[in-house]
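Colleague: Sharing a model that was predicted from the sequence below.
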Amino acid sequence: MPSRQDQLHSYQFSVQRVVSALVMRETDPAQFPFRRVTVAGFASLMIGVVLIAGFGVYALFTGGASESWKQKTNAVLQEKGTGAHYVLKDGVLHPTLNLASALLYAGGNERAVIEVSAKSLATVPRGAMVGIPDAPDSVPTADRLVNSTWTVCTVPVSDAASEEGGQRSLLAVGNLLGVADGGTPLTEETGMAVSVPGDDGAWLIWKQRRYLIKNVSEDALGALGINQDPKQLPKVDRAFLNGFAQGDPIQAPAVSGTPNEPSGVRDYNVGDVMRFRGPAGDRYFVAAKGSLQEITQVQAALLRPRVSPPSIQELPDLGKSLVPQGDGAPPSVPIKAVDRGDSAVCATAADDSGFSSVRYGVPVPPVAGLMRTAGKSAKTGAPLADYVSVQGGRGVLVEGYTVAKTSSGVVSLVTDAGQQFPIGDAGALAALGFSAAKPSKMPVSLVALLPQGAELSQTAAATTVTLG
């Protein structure tokens with residue numbers, strides 16, 4: 001009995017005979033009627049594939065035959081294999097010092113970089129080299145800009161010089177190092193008295209500001225609730241401290257009149273301090289010439305250290321208040337001092353409002369492999385962050401703002417090398433590809449901690465480079 005395979009072969013043979021009879025009018029021809037067509041079609045397809053591949057390989061090594069790049073006068077031409085940048089102006093090819101200079105000199109309203117082979121570039125006359133010395137050769141595209149928190153830290157470093165007090169500063173964009181949310185935050189009831197290497201003064205870090213403690217002494221610290229030797233205060237890096245907005249100085253208030261002479265109010269002498277215990281809490285006053293003036297508990301302790309003010313039974317008629325007002329006012333009551341130990345202290349800002357938190361006990365981040373600065377500006381001598389952390393391949397467009405939220409008027413590009421470059425104007429922003437980018441707003445005190453490079457302007461980018 002025939003198998004299924006025998007039946008299939010029989011069916012296929014019958015169909016082949018029918019097709020041959022229709023096409024060639026012969027039921028059993030010497031070869032299948034479509035065999036030549038099939039073989040010819042397959043051969044043609046293979047020849048086409050080989051030709052296309054050949055042209056592709058040729059274009060890969062020769063740069064192709066297209067010379068449309070010669071019409072792109074607002075584009076940057078990047079040489080294949082070397083990465084060198086050129087700009088074509090008036091039929092002349094100008095080499096540039098770096099990518100930033102090339103983008104600015106090209107002057108387009110959007111960033112355009114075209115790869116061209118060295119052989120093709122060699123067909124165009126060469127002009128003078130132009131550009132801005134030390135401008136960045138790596139410029140992030142607009143989609144690689146980051147808008148994140150900025151954190152400044154004072155970090156204990158074992159190899160810091162004695163004049164550094166064992167401290168160096170770190171400015172981190174983002175939280176790659178974990179410094180933006182580590183440790184314990186300071187509150188309105190806690191603060192930290194610190195000093196800076198090489199300076200006999202002292203500062204109080206409280207409520208995201210720094211306050212100069214004038215005429216620092218044990219009594220002055222005691223008035224703040226801090227029982228420490230002023231000569232043994234923990235050290236912080238100068239750049240770290242400069243990142244804070246400055247509050248009003250902590251000092252005894254100026255009282256009118258000659259001390260210890262009759263004030264003309266009851267039997268009080270000028271400088272006498274008293275306390276009124278009221279239902280809303282204690283209030284403090286000082287006798288001035290002709291009136292009593294209200295002060296804070298801290299001011300009372302600064303005027304009369306280690307003396308408990310006598311109580312008065314009724315609220316007197318008052319003159320002008322001496323109580324500090326505003327966001328920069330120092331503590332009115334004693335605070336609790338915290339101990340940072342051997343940890344880092346970090347302050348984080350999310351925008352131009354200033355620091356949103358200050359934290360102590362932050363684990364010491366690994367700073368050894370980070371970008372290192374000179375520590376101070378070569379132009380102004382101002383302190384700089386010793387280390388800068390920006391994610392590789394990224395950048396930041398930033399505009400500095402004062403404490404009063406007034407713009408500095410300068411937008412800068414911060415590269416992943418940790419350097420800031422002021423951008424000249426809107427035309428330069430567009431040429432760099434940032435016309436639609438929105439700059440981050442940060443306190444100018446933080447932006448100033450970054451080393452500053454050359455201004456990125458189209459005029460400067462067109463400057464001829466003198467070699468030698």
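Modeller: Arrived safely, thanks for sending.

Colleague: Quickly list what residue 94 is bridged to.
Modeller: Listed beta-bridge partners, residue 94: residue 87 (assigned using DSSP bridges).

Colleague: Verify the stated contact: it with residue 124.
Modeller: No - contact status for residue 94 versus residue 124: not in contact, 10.1 Å apart, counting by CB atoms under 8 Å. Where C-beta positions appear, they are placed from N, C-alpha and C, glycine not excepted.

Colleague: Of the two, which one has the most company?
Modeller: Comparing residue 94 with residue 124 by other CB atoms under 10 Å, the one with more neighbours is residue 94, at 24 against 17.

Colleague: Check the gap between that one and residue 206 for me.
Modeller: Distance, residue 94 to residue 206, using CB to CB, to the nearest Å: 56 Å.

Colleague: One more: residue 194?
Modeller: Using CB to CB, residue 194 is found at 11 Å from residue 206.

Colleague: Quickly list what's touching both of residue 94 and residue 124.
Modeller: When contacts are counted by CB atoms under 8 Å, 6 or more residues apart in numbering, residue 94 and residue 124 are jointly contacted by residue 88.

Colleague: How many neighbouring residues does residue 235 have?
Modeller: Neighbour count of residue 235, defined by other CB under 10 Å: 18.

Colleague: same deal with residue 3?
Modeller: Residues near residue 3, counting by other CB under 10 Å, number 8.

Colleague: Against residue 14, how distant is it?
Modeller: Separation of residue 3 from residue 14 (CB to CB): 17 Å.

Colleague: what do you get for residue 223?
Modeller: Computed with CB to CB, the distance linking residue 223 and residue 14 is 114 Å.

Colleague: Those two - which one has more neighbours?
Modeller: residue 223 (25 against 10).

Colleague: what's the closest residue in space to that one that isn't next to it in sequence sitting at in phi/psi?
Modeller: On the basis of CB to CB, 6 or more residues apart in numbering, the spatially nearest residue to residue 223 that is not a chain neighbour turns out to be residue 301, at 3.5 Å. With angles defined as degrees, to the nearest 10, residue 301 shows backbone torsions of phi -70, psi -30.

Colleague: same check, this time on the one 4 residues further on
Modeller: Residue 305 adopts backbone torsions of phi -60, psi 140, taken as degrees, to the nearest 10.

Colleague: so who does it touch?
Modeller: Contacts for residue 305 were tallied using CB under 8 Å, 6+ apart; they are 219, 222-223.

Colleague: go on, residue 228?
Modeller: By CB under 8 Å, 6+ apart, the contact set of residue 228 is 193, 218, 221, 337.

Colleague: correct me, but the second one touches residue 229?
Modeller: The reference is to residue 218. Yes - Residue 218 is within contact range of residue 229, at 6.9 Å (criterion: CB under 8 Å).

Colleague: Looking at those two, which has the bigger crowd around it?
Modeller: More neighbours sit around residue 218 than around the other of residue 218 and residue 229, counting by other CB under 10 Å; the figures are 15 against 8.

Colleague: Quick check, pLDDT for that one.
Modeller: Taken from the predicted model, the pLDDT recorded for residue 218 is 96.

Colleague: Look up phi and psi at it.
Modeller: Phi and psi for residue 218, reported as degrees, to the nearest 10, are phi -60, psi -40.

Colleague: do residue 162 as well
Modeller: Backbone torsions for residue 162, taken as degrees, to the nearest 10, come to phi -60, psi -40.

Colleague: Run a quick neighbour tally on it.
Modeller: Neighbouring residues of residue 162 were enumerated by other CB under 10 Å; the total is 7.

Colleague: Quickly note the distance from it to residue 361.
Modeller: Where residue 361 is concerned, residue 162 sits at a distance of 25 Å (CB to CB).

Colleague: Check residue 249 too.
Modeller: Separation of residue 249 from residue 361 (CB to CB) stands at 28 Å.

Colleague: Residue 4 now?
Modeller: If you measure residue 4 against residue 361 using CB to CB, the figure is 82 Å.

Colleague: I'd say residue 135 and residue 96 touch.
Modeller: No - at 9.3 Å, residue 135 and residue 96 do not qualify as touching, with contact defined as CB under 8 Å.

Colleague: Looking at residue 205 now. What's its pLDDT?
Modeller: Note on residue 205: pLDDT of 98.
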